[in-house]
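Engineer: have a look at this prediction, sequence included:
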Amino acid sequence: MPALPGDDVAHSTLHAPAVGILAFNGSRIDGGLYAHITGWARTAPAWLDDIIKYWSALGVGIFAVLMVIGWWWARRQPSVTMARVLASPAVVVAAYVVNDVIKSMVQEVRPCQQIAHSFTLETCPGPGDWAFPSNHTVVAFSAAVALFFVNRALGWVALVAAVAMGASRVYVGAHYPHDVIVGALVGVVVAIPLTLLAGRYAAASVERARSGRLRPLLVNP
């Protein structure tokens, strides 16, 4: 792989604890690109950094809001659609768990621990808080995919928000670009089959529930 400007910085490691030294060093993949992106954050206006920092930390809440909107809309839709939107939180949790397993297996050290003189907009996590893949990105993309099978318009809004979330995680210095790319893939790969299965096998249960006490929550009056 050709050297990128900033690779000399990206490949110089900190004197991390033994656990960090033994763990995977992701800076060899795209540490130079990470250094360039965080360099933009170093020189950007403070107001822009603040917006991206707060979005990176709190933006995942928008996906919960979109799920509520999806549920409200699905009350006028077939039971299969309602089953998908009701399953969307569980789909996100499943994607998160899969991602956490991958994290514990790869054990990639955070770039702010691995790269000397890293610039970050949020506090660098301590040793043992692994970087690969990005949890925020997995949550964002799994939610976006689940919502896409509920309502295309909501899905596109969620997808744009997911891309913005992934990009922000690199910008604030929490992740390498490849952490975000793989996190997006994990979210998509887990969410597609689970959402489709929920629509196929849970629709009958939703149909029955729509005739019972839960009818006000599942059907537009």
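Structural biologist: Yes, it's here.
Engineer: relative to Gly126, how far out is the spatially most central residue of the chain?
Structural biologist: Centroid-nearest residue in the chain: Thr137, 1.5 Å away (criterion: CA atoms, centre = their mean). When distances are taken as CB to CB, to the nearest Å, Thr137 and Gly126 turn out to be 21 Å apart. Any C-beta I mention is one placed from the backbone N, CA and C, and that applies to glycine too.
Engineer: tell me the contacts of the residue nearest to the centre of the chain?
Structural biologist: Contact partners of Thr137, counting by CB atoms under 8 Å, 6 or more residues apart in numbering, are 162, 165-166, 169, 175, 179-180, 183-184, 187.
Engineer: distance check, it against Met165.
Structural biologist: Following CB to CB, the distance that separates Thr137 from Met165 is 6 Å.
Engineer: tell me which helix or strand the residue nearest to the centre of the chain sits in.
Structural biologist: Taking DSSP states H and E as the definition, Thr137 sits inside helix 135-148.
Engineer: which positions in stretch 201-213 come out as buried?
Structural biologist: By neighbour count with 16 or more other CB atoms under 10 Å, stretch 201-213 contains the buried residues 202-203, 206, 209-210.
Engineer: closest to Ile102 out of those?
Structural biologist: For the buried residues of stretch 201-213, the residue nearest Ile102 by CB to CB is Ala202; the value is 26.8 Å.
Engineer: shouldn't the closest one be in contact with Ser88?
Structural biologist: No: under the contact definition of CB atoms under 8 Å, Ala202 does not touch Ser88, with a separation of 11.6 Å.
Engineer: which element follows the longest helix along the chain toward the C-terminus?
Structural biologist: Among the elements of the chain assigned as helix by DSSP state H, the one spanning the most residues is helix 79-106. If you walk from helix 79-106 toward the C-terminus, the next helix or strand you reach (DSSP H and E) is helix 111-114.
Engineer: quick check: which ranges of this structure have low pLDDT?
Structural biologist: Counting by pLDDT under 70, the ranges of the chain that qualify are 1-23, 218-219, 221.
Engineer: and the strands in it?
Structural biologist: Remark: no strands are assigned in the chain by DSSP state E.
Engineer: burial of the closest residue to Arg110 other than its chain neighbours, as a residue count?
Structural biologist: Spatial nearest neighbour of Arg110, chain neighbours left out: Ala131 (4.6 Å); criterion: CB to CB, 6 or more residues apart in numbering. By other CB atoms under 10 Å, the residues close to Ala131 number 28.
Engineer: residues touching Ala131, list them.
Structural biologist: When contacts are counted by CB under 8 Å, 6+ apart, Ala131 touches 26, 103, 108-111, 174-176, 179.
Engineer: and the furthest pair within those residues?
Structural biologist: Lys103 and Pro111 (14.5 Å).
Engineer: which of these two has more neighbours?
Structural biologist: For Lys103 versus Pro111, the count of surrounding residues by other CB under 10 Å is larger for Pro111: 27 against 20.
Engineer: might one say that that one is in contact with His178?
Structural biologist: No: Pro111 lies out of contact with His178 (CB under 8 Å); the separation is 10.4 Å.
Engineer: joint contacts of these two?
Structural biologist: Common neighbours of Pro111 and His178, counting by CB under 8 Å, 6+ apart, are Gly26.
Engineer: now Asn220. Nearest residue, chain neighbours left out?
Structural biologist: The spatially closest residue to Asn220, leaving aside those adjacent along the chain, is Arg75, at 4.2 Å (CB to CB, 6+ apart).
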